[in-house]
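>>> 3D, please:
(chains A, B, C and D)
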Number of protein chains: 2
Amino acid sequence: MTARRQPISASSRARGRARIARVSEPDVETTSRLLASASRLFAERGFEKVTVREICHDAKANVAAVSYHFRDKLGLYMAVVGTALETIRRAHDATMDVPANTAPEDRIRHYVHSYLPRIVRSEGKTELIHKLMRHEMAEPTQAARLIVEQVILPRLDFLRRAIAEMIGCDTEDVRVIRSVMSIQAQCLFYAPDRFKSAAFPGWEPADDAAIEAAAKHIADFSLAGIRSLRTEHAGRA
Amino acid sequence: MTARRQPISASSRARGRARIARVSEPDVETTSRLLASASRLFAERGFEKVTVREICHDAKANVAAVSYHFRDKLGLYMAVVGTALETIRRAHDATMDVPANTAPEDRIRHYVHSYLPRIVRSEGKTELIHKLMRHEMAEPTQAARLIVEQVILPRLDFLRRAIAEMIGCDTEDVRVIRSVMSIQAQCLFYAPDRFKSAAFPGWEPADDAAIEAAAKHIADFSLAGIRSLRTEHAGRA
DNA sequence: TTGACTTTCAAACGATTGTTTCATACAGTT
DNA sequence: AACTGTATGAAACAATCGTTTGAAAGTCAA
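Down below sits the predicted model:
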């Protein structure tokens, strides 16, 4: 094992200073360009389907740049995931940003209406983490645990509280948990997908109005489903 | 392009006769062993994550055997998909096997209760096509179109008719289409998945009773959702 | 100017992939 | 026995992958 020339952390140490122009235009640091290109490509096709050479070509950097600045390909990927998680942590998660004392039905409606556009659409910074999440579902990496803990679980907790309040039971009740899965399943189903494009031709919501209509359906459909669970006995076999 | 020694179709011509023992025990034809090993491995990890060498090692065949008997890796994969589709076409699709004049609610219940075990479980021949389907959703190949046409679309049509009958409208109604997606989404969400295992620890139904209970939830939840659509105006913006 | 440090570059390395080559062995026919 | 079509095996091929190398060029402080 040969010792590497330069520890990874040193690159961040040198990044504070302003830089003089080099032979070619280094207006943006190589590290930033790599992160930008990698974010876009990883979000598009996931970790394994993107090659280091492709990222470096897009970022106008040498192939060795990834190894130099991020240790290896996985290091670059984890950096992308890290900044995506930071973005979502900084900007208050819109899916849970609701005034206090809101009725549980309206909280659920708000969740679906703010969640669905992020799943269907492709532009925007907050959409990055959702695209990464979708690929992590198919082929998880080390990032899966982070995403679950920092994004998924808080959202599910938000849903569980609202649903439990609606039914009038504990948040640990099986009916609550299964209803959370039902809502989450319906939302995630609208994620763009080449397979589903063939199975449901033209059924993907195209414009904002269609997304809103689909969200309304999921909310109506699910709220009716949850209400029907109120009359049901909790301890069924 | 060099002409291949032996056209692919010739292998099936020679397979009718009984064979004398060779140096090693060729009790089963190489073609069959390759198909068996490939079915298991492709179902487990999808097309791209399985190597030809791995299949051949498992089938106790030479690496060149795939090229010889199936033209290439994709040819072997399509053969696997073909036999899986044939199996599902031969054995009447249980998800749609229901006596005539059954009430639409009961048809939907039957669909969910027979569909969900096939999604959750792993053993059995009919489960093969479902495992292949799940991988096709993540990374579609040529097989996606076949699976959609021969498996997905007939099932969705079964659901559409039942739901339209419940609501009392046309099968092309948006409410019908969205309800089909809601039911299908909830069912598919129970597919085993390493990512979901972390997000929903212990929430995957373990035994038959748990699967039945989950199916009952999906049916109850969805039927209530559909009933609520009856009172809604069809032509909403 | 010297020397230490940081960053970039072209090239190569080592591993793995799907696929092909060519020799060989077998069965059946003439 | 000789020939033909079928099948298998070890080895190699060609392409691609992530990663490493070693030299070169730059910056900055002494």
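>>> C-alpha from now on. contacts and neighbour counts both.
Noted.
>>> Helices along chain A, start to end?
Under the criterion DSSP state H, helices of chain A are mapped to A:9-13, A:30-45, A:52-58, A:64-70, A:73-90, A:104-120, A:126-138, A:143-147, A:153-167, A:174-188, A:194-199, A:208-230.
>>> The fifth one near DNA strand D anywhere?
It refers to helix A:73-90. Yes - Helix A:73-90 lies within reach of DNA strand D by CA under 7 Å from any atom of the strand, at A:K73, A:L74.
>>> which other helices and strands contact that helix?
Packing partners of helix A:73-90 (3 or more CA pairs under 8 Å, 6 or more residues apart in numbering or on different chains; DSSP states H and E): helix A:30-45, helix A:64-70, helix A:126-138, helix A:143-147.
>>> Which of those helices has the highest mean neighbour count?
Across the helices and strands packed on helix A:73-90, averaging neighbours per residue (mean count of other CA atoms under 10 Å in any protein chain shown) puts helix A:126-138 on top, at a mean of 21.
>>> Contacts for it, please.
Residues from elsewhere that reach helix A:126-138 (CA atoms under 8 Å, 6 or more residues apart in numbering or on different chains): A:39-40, A:42-47, A:81, A:84-85, A:87-88, A:118-119, A:121-122, A:143-144, A:147, B:138, B:193-196.
>>> low-confidence ranges in chain A?
Within chain A, the stretches with pLDDT under 70 are A:1-27, A:232-237.
>>> tell me, what residue is most central in it?
A:H130 (2.4 Å; CA atoms, centre = their mean).
>>> how close does that one sit to B:A91?
Here A:H130 is placed at a distance of 39 Å from B:A91 (CA to CA, to the nearest Å).
>>> what's the answer for A:L159, then?
41 Å.
>>> thought A:A219 was touching A:V112?
Yes - the pair A:A219 / A:V112 is scored as a contact, 6.5 Å apart, by CA atoms under 8 Å.
>>> Who has more neighbours out of A:L159 and B:A91?
Legend: neighbour count by other CA atoms under 10 Å in any protein chain shown for A:L159 and B:A91, higher for A:L159 (27 against 9).
>>> Looking at the helices of chain A, which is nearest to B:A61?
helix A:126-138 (30.4 Å; CA to CA).
>>> so, in contact with DNA strand C or not, stretch A:66-73?
Yes - judged by CA under 7 Å from any atom of the strand, stretch A:66-73 and DNA strand C are in contact via A:Y68.
>>> contacting residues for A:R53?
A:R53 touches A:V63, counting by CA under 8 Å, 6+ apart.
>>> What of the one 4 residues further on?
Contact criterion CA under 8 Å, 6+ apart gives A:V63 as the residues in contact with A:H57.
>>> Tell me the spacing between it and DNA strand D.
11 Å (CA to the nearest atom of the strand, to the nearest Å).
>>> now do A:A162
Taking CA to the nearest atom of the strand as the measure, A:A162 falls 43 Å from DNA strand D.
>>> A:L132 now?
Taking CA to the nearest atom of the strand, one finds A:L132 at 16 Å from DNA strand D.
>>> Check the gap between that residue and B:R134 for me.
18 Å.
>>> What is the burial count for the residue nearest to A:T95 when sequence neighbours are not counted?
Spatial nearest neighbour of A:T95, excluding adjacent residues (CA to CA, 6 or more residues apart in numbering or on different chains): A:Y111 at 4.9 Å. Residues lying near A:Y111 (other CA under 10 Å) number 22.
>>> so how far is A:L159 from A:Y111?
Taking CA to CA, one finds A:Y111 at 8 Å from A:L159.
>>> what's the answer for A:R134, then?
Relative to A:L159, and taking CA to CA, A:R134 is found at 20 Å.
>>> DNA strand D versus the closest residue to A:G46 other than its chain neighbours, what's the distance?
Nearest residue to A:G46 in three dimensions, chain neighbours excluded: A:H135, at 5.3 Å (CA to CA, 6+ apart). Computed with CA to the nearest atom of the strand, the distance linking A:H135 and DNA strand D is 15 Å.
>>> try A:P99
Taking CA to the nearest atom of the strand, one finds A:P99 at 45 Å from DNA strand D.
>>> Kindly report the same for A:R161.
42 Å.
>>> For the nearest residue to that residue once chain neighbours are set aside, give me its contacts.
With CA to CA, 6+ apart as the criterion, A:R161 has its nearest non-adjacent residue at 6.0 Å, and that residue is A:T171. Shown in contact with A:T171 (CA under 8 Å, 6+ apart): A:R160, A:R161, A:I163, A:A164, A:I177.
>>> Of all pairs in the residues you listed, which one is the farthest apart?
Checking the contacts of A:T171 with CA to CA, the most distant pair is A:R161 and A:I177, at 10.2 Å.
>>> Write out the residues of chain A neighbouring chain B.
Counting by CA under 8 Å from any CA of the partner chain, the residues of chain A close to chain B are A:136-138, A:140, A:144-145, A:148-149, A:152-153, A:175, A:178-179, A:181-182, A:185-186, A:188-189, A:193-196, A:198-199, A:209, A:213-214, A:217-218, A:220-226, A:228-229, A:237.
>>> 6 Å instead, please
Within chain A, the residues that sit near chain B (CA under 6 Å from any CA of the partner chain) are A:M137, A:A138, A:V148, A:S182, A:A185, A:Q186, A:F189, A:F195, A:A199, A:F221, A:A224, A:G225.
>>> where's the third one relative to A:L132, distance?
As judged by CA to CA, A:V148 and A:L132 stand 12 Å apart.
>>> Any buried residues in stretch A:209-219, and which?
For stretch A:209-219, burial by neighbour count (16 or more other CA atoms under 10 Å in any protein chain shown) applies to A:I211, A:E212, A:A213, A:A214, A:A215, A:K216, A:H217, A:I218, A:A219.
>>> Ignore what I typed, I meant stretch A:157-174.
A:158-167, A:169, A:171, A:174.
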